[in-house]
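In: how does the following fold in three dimensions:
(3 chains)
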Amino acid sequence: MQTHQAGPSLSSQKPRVFKCDTCEKAFAKPSQLERHSRIHTGERPFPCTLCEKAFNQKSALQVHVKKHTGERPYRCEHCAMGFTQKSNMKLHVKRAHSYAGTLQEAVGQQEPVGEELSHTLHLEEVVQETGGEWQALANVF
DNA sequence: CAGCAGGGGGCGT
DNA sequence: CGCCCCCTGCTGT
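Out: Just a heads-up that it's a prediction; the model follows:
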């Protein structure tokens, strides 16, 4: 009976035997349940070595550290803008270039490409150093 | 931009 | 199996 009860996402009918007793979510793997349980306990086993923040998931920490290192692995192929997270980049592409997802051109073909643009404007280092106005600009793109 | 929550897969035991 | 890691979508400031 337990193997067919609803899981957290509702999509995916995998058996979920491991149930959280704080909330009613269930998971396919014990380690997933254990990971989930610490969002109730507030436990944060992954501290950042550069600042004093901590995370409940290692991947969250890894992404966070990129903020300190300035690493920006995900690059927009249309305007060469860099991002720390892929989903943020995807969102940017959709909004700035109205480009849903399946590669190849979309709407605005008038794009001579902004290759050297990032160099002349020093885009890599200007990001949100103190002022919050850049944040507002992000919504335009 | 930054962080959270969950799914799935690979690898060692 | 069990654990660890990476990826992805969504939410928050």
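In: so what's A:Glu71 up against?
Out: A:Thr84 (Cβ atoms under 8 Å, 6 or more residues apart in numbering). All C-beta atoms are positioned from the backbone trio N, CA, C, and that covers glycine.
In: where along chain A do the helices fall?
Out: A:30-41, A:58-69, A:86-97, A:117-121, A:123-126, A:133-138 (DSSP state H).
In: could you dump these to CSV with mean pLDDT and distance to DNA strand B?
Out: Shown next, in CSV, are those (pLDDT from 0 to 100; distance: least, Cβ to the nearest atom of the strand, whole Å):
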stretch, mean pLDDT, distance to DNA strand B
helix A:30-41, 89, 4
helix A:58-69, 91, 4
helix A:86-97, 90, 4
helix A:117-121, 46, 12
helix A:123-126, 48, 9
helix A:133-138, 48, 6
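In: buried deepest among these, which one?
Out: helix A:86-97 (a mean of 15; mean count of other Cβ atoms under 10 Å).
In: is that one anywhere near DNA strand C?
Out: Yes: Helix A:86-97 reaches DNA strand C (Cβ under 7 Å from any atom of the strand) through A:86-88, A:90.
In: likewise stretch A:41-59?
Out: Yes: against DNA strand C, stretch A:41-59 shows contacts by Cβ under 7 Å from any atom of the strand at A:57-59.
In: A:Ala96 contacts A:Ala80, correct?
Out: No: in this structure, A:Ala96 is not within contact of A:Ala80 by Cβ atoms under 8 Å, at 11.7 Å.
In: what residues does chain A have near DNA strand C?
Out: Going by Cβ under 7 Å from any atom of the strand, the residues of chain A near DNA strand C are A:29-32, A:57-59, A:62, A:85-88, A:90, A:135.
In: nice, that's everything, thank you.
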